[in-house]
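**Q** let me see the structure of the following:
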Amino acid sequence: MNRPTIVLAEDHPNVAEQLHKLLADSFDVVAVVSHGEALVKTALRVKPDVVVTDISMPGMDGLKAAQEILLHQPTLGVVFVTVHDDPALARKALTIGLGYVLKASAGVDALHVPYKGSNPATAAILGGEVTFVFSTMPPAISNAKAGKLRALAVTTAARVAPAPEVPTMVEAGVPNFEIVLYSGILGPKGMDAALVRKLNAEFAKVVQAPEIKNVYENIGADPLAMSPQEFQKRTVDEIAKFGPVVKASGAKVD
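**A** Have a look, this model is predicted:
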């Protein structure tokens with residue numbers, strides 16, 4: 001049985017050497033390149049099963065290079081290594097992230113590591129415990145702006161004002177991916193309709209007030225006012241959207 005083929009892109013020679021040794025145990029490393037342009041050219045020529053790339057490289061970065069390759073080879077598996085100059089941490093990140101060729105055409109097969117919120121999850125990626133996280137905006141933006149993390153994409157349908165340079169998941173090459181974390185205000189069943197309308201109108205005024213909008217926007221949130229009927233429909237639609245996902249994951253409430 002032929003072993004999967006890999007093109008490795010890494011601009012730090014010591015890291016590239018360590019990753020090459022690790023990959024060679026299970027894969028055929030057909031080429032090692034040091035910048036994004038060479039990754040695109042090589043991958044389109046040799047058509048590997050997987051590319052393993054550092055995200056930050058001279059010239060075209062790894063994310064843009066992968067997007068370019070995926071336009072021509074949509075079943076390609078991609079593994080991003082974000083630890084730049086520590087071979088041991090890079091080896092750890094790659095070992096966790098590969099998951100044996102990402103099930104190439106079936107999508108990413110990743111091990112879910114549960115954390116109690118975005119703050120401990122952010123601490124985990126900063127400490128090299130995990131290879132990537134889905135985070136709420138406040139800890140993600142603050143660490144990305146400080147240069148401690150690389151923001152890969154936002155899960156919203158459009159880019160967000162606090163980080164307009166960060167692409168959406170769709171722009172990054174993941175089709176039909178939109179997840180929006182939102183908060184709403186609920187009341188008890190059978191609440192008086194007139195009271196619901198009055199409270200809704202007052203909350204809408206507060207959310208749209210300039211000083212409140214500024215607070216939300218600074219943490220990457222989009223202040224949004226809905227009618228009770230719109231919020232009800234959104235909730236029902238979200239249950240229908242994510243219900244099958246939860247069932248497929250096997251997640252249960254303890």
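**Q** the stretch 151-254 of the chain: helices as residue ranges?
**A** In chain order, the stretch 151-254 of the chain shows helices spanning 193-208, 210-218, 228-249, with DSSP state H, counting those that start in this stretch as the criterion.
**Q** so where's the stretch 51-200 of the chain shaky on pLDDT?
**A** Applying pLDDT under 70 to the stretch 51-200 of the chain flags the ranges 75, 77, 79-111, 175-176.
**Q** could you chop the protein up by domain?
**A** Per automatic domain parsing, the structural domains of the chain span 5-106, 115-180, 193-249.
**Q** redo these as CSV? Include distance to residue 186 and mean neighbour count.
**A** C-betas here are computed from N, CA, C, even on glycine. Formatted as CSV, these follow (distance: least, Cβ to Cβ, whole Å; neighbours: other Cβ atoms under 10 Å):
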stretch, distance to residue 186, mean neighbour count
domain 5-106, 38, 18
domain 115-180, 18, 15
domain 193-249, 9, 12
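**Q** could I get the helices of the stretch 151-254 of the chain as CSV with distance to residue 66?
**A** What follows is those, written out as CSV (distance: least, Cβ to Cβ, whole Å):
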stretch, distance to residue 66
helix 193-208, 38
helix 210-218, 30
helix 228-249, 25
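**Q** next one: residue 201 relative to residue 232, how far apart?
**A** To residue 232, residue 201 is 16 Å away according to Cβ to Cβ, to the nearest Å.
**Q** before we move on, what about residue 38?
**A** As defined by Cβ to Cβ, residue 38 lies at a distance of 53 Å from residue 232.
**Q** can you check residue 139 too?
**A** Residue 139 is 31 Å from residue 232, by Cβ to Cβ.
**Q** over to residue 58?
**A** 52 Å.
**Q** can you check residue 168 too?
**A** Taking Cβ to Cβ, one finds residue 168 at 27 Å from residue 232.
**Q** swap in residue 140?
**A** Residue 140 is 30 Å from residue 232, by Cβ to Cβ.
**Q** just residue 74 next, same as before
**A** Per Cβ to Cβ, residue 74 is found 38 Å from residue 232.
**Q** can you check residue 20 too?
**A** Taking Cβ to Cβ, one finds residue 20 at 55 Å from residue 232.
**Q** great, nothing more from me.
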